[in-house]
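In: After the sequence you'll find the predicted model.
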Amino acid sequence: MDGNRVVVIGGGAVGLATAFFLSERGVKDVTVLEADYVASASSGLSVGIIETQYMKPLDIRLRVRAMEFFKRLERDHGLDVVRNGYLRLARDEASLLAAEKSVEIQKELGVTDATFLGPEEIAERIPQMRCDDILGGLFGPSDGYIDGHLYCTLLAEQLQERGIQVKVKHKVTGLVENGRGYTVVTDNDARFECDYLVNAAGSWIGEISALVGIETPVIAQRHQAAMVATNVDYGYLMPSVMDYVPHSGDTGLYFRHERDGMLVAGLHSEEVHEGTVNPDDYHRSADQEFLELLAAKLESRLPGFPDAGLGDGWAGLYPISPDGLPQVGPSVGHDRFITVGGAGGSGIQLSPVLGEVAASWILDGDARVLEGAEAMKPGRPSLSEDTVRSGAD
Ligand SMILES: Cc1cc2nc3c(=O)[nH]c(=O)nc-3n(C[C@H](O)[C@H](O)[C@H](O)COP(=O)(O)OP(=O)(O)OC[C@H]3O[C@@H](n4cnc5c(N)ncnc54)[C@H](O)[C@@H]3O)c2cc1C
């Protein structure tokens, strides 16, 4: 049994997954402090897509590892994973080659069903979709989506069963570094002593770090999504579609099945836009301008749904690192202050592996649980480079 006392700040997907892996590795004294409620911030506003269709080896490795955990929660604890498949469209030669390479890497990692589909095969699978401008797509038949809120609730229940406290309505307002670790103070005057502090505060990571004079650049980027009533029972489980190539500098359309006659759609990017907002004060509804742009993109990609209408829309935050890669590990000069987050629009799908790596930093002193995970260490030079680009949404 491990005698470390750990306080995790943040009851979103990333903080809860970190507490889960700490408990799994024998740490008994873990407390999660959440300012509001479990999944009350980004994790409850996500579209919940989980998949492995990425291009860079580390991006793929992280997601393959995370998928193993979702599979486990599905099997052992009834997590509802809708396996509708995930298709990333390729519109140019470079994306085509990257997709083919991704299939190879995924196969090496045991994802044997990932495959490349030509335009005709795609048209057969999704007859309503316009395919005349695409060269094909990278397809993961076992990918799917989950409900971010239910996932977090399930993790919190599992933690409570293991004797780990998830204290909601405990907003951390003060941190004092003492020789062995930290004293954590909350807005209701509670105090917690710990040997390790985990900063999993999502879009507030920078605010928490600043309490002990550490600079951790995580940008709160506003993103919107909306329900789309297709008014047609399309008679098959439509795969999620992403018309965006990671790190392309573009902002792409995505949509996924919600239920018969209903899709969820949004615009996605992994670039760091200038649209930073204050996580405590941003507009939570979808803008008219966004809805119009989304409707136009949907009409162009899905002309088979002529009567499709946009329903309710909402806005949430991507907590994103300036260089687009999550941050996991100790802060420079503060070995007991572990940051975990900055996963942008992939924080649900990456949460298990980020939690596992954060636990490894505490228990092993490095990121040995996953090859290449040291690259996510906070304080790396690329976080302070001027990587901010402009874009829509
Ligand atoms: C529209 C939209 C669609 C998305 N779709 C997807 C998707 O399909 N797939 C995917 O993988 N990801 C998706 N994401 C991204 C994903 O939601 C986030 O990356 C992820 O939820 C981040 O989780 P987190 O735990 O780091 O942050 P959060 O969920 O924001 O959790 C951080 C928590 O810290 C708490 N906190 C902050 N300050 C304090 C404090 N002082 N004291 C105590 N607690 C504090 C907050 O209240 C919050 O609950 C989407 C996001 C949006 C907005």
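Out: On my side now, so go ahead.
In: in stretch 9-19, what's buried?
Out: In terms of neighbour count (16 or more other CB atoms under 10 Å), stretch 9-19 has its buried residues at 9-19. All C-beta atoms are positioned from the backbone trio N, CA, C, and that covers glycine.
In: do the same with stretch 48-59
Out: Buried residues in stretch 48-59, counted by 16+ other CB under 10 Å: 48-56, 59.
In: per-residue pLDDT, residue 307?
Out: We have a pLDDT of 73 for residue 307.
In: Kindly list the main-chain dihedrals of it?
Out: Phi and psi for residue 307, reported as degrees, to the nearest 10, are phi -100, psi 10.
In: Quick check: chain neighbours aside, which residue is closest to it?
Out: Excluding its sequence neighbours, the residue lying closest to residue 307 (CB to CB, 6 or more residues apart in numbering) is residue 231, at 4.8 Å.
In: cool, residue 33 as well?
Out: In space, and not counting its chain neighbours, residue 33 is closest to residue 170: 4.4 Å by CB to CB, 6+ apart.
In: what about the one you found, distance to residue 34?
Out: 6 Å (CB to CB, to the nearest Å).
In: does residue 5 count as helix, strand or coil?
Out: For residue 5, the assignment made with DSSP: H, G, I helix; E, B strand; the rest coil gives strand.
In: That one - how many residues pack around it?
Out: Residues near residue 5, counting by other CB atoms under 10 Å, number 19.
In: partner residues bridging it?
Out: Note on residue 5: beta-bridge partners residue 29, judged by DSSP bridges.
In: Please name the residues that touch it.
Out: Listed by CB atoms under 8 Å, 6 or more residues apart in numbering, the contact partners of residue 5 are 29-30, 181, 193-196.
In: got a pLDDT number for it?
Out: Here the pLDDT value assigned to residue 5 is 98.
In: For the stretch 151-300 of the chain, list the residues in contact with the ligand, please.
Out: Proximity of the stretch 151-300 of the chain to the ligand (CB under 6 Å from any ligand atom) is limited to residues 171-172, 200-204, 208, 223, 225, 266.
In: Looking at those residues, spot the one nearest the ligand.
Out: The ligand lies nearest to residue 202 out of those, by CB to the nearest ligand atom, at 2.5 Å.
In: Report pLDDT for the closest one.
Out: 98.
In: Going forward, the N-terminal residue is numbered 41.
Out: Sure, I'll start counting at 41 from here, so that last one is residue 242.
In: State the number of residues packed around residue 410.
Out: Number of residues near residue 410 (other CB under 10 Å) recorded here: 19.
In: ok, the helix or strand hosting residue 178: who's next to it in the sheet?
Out: Element membership for residue 178, per DSSP states H and E: strand 176-180. According to DSSP bridges, strand 176-180 forms sheet pairs with strand 126-130 (antiparallel), strand 155-157 (antiparallel).
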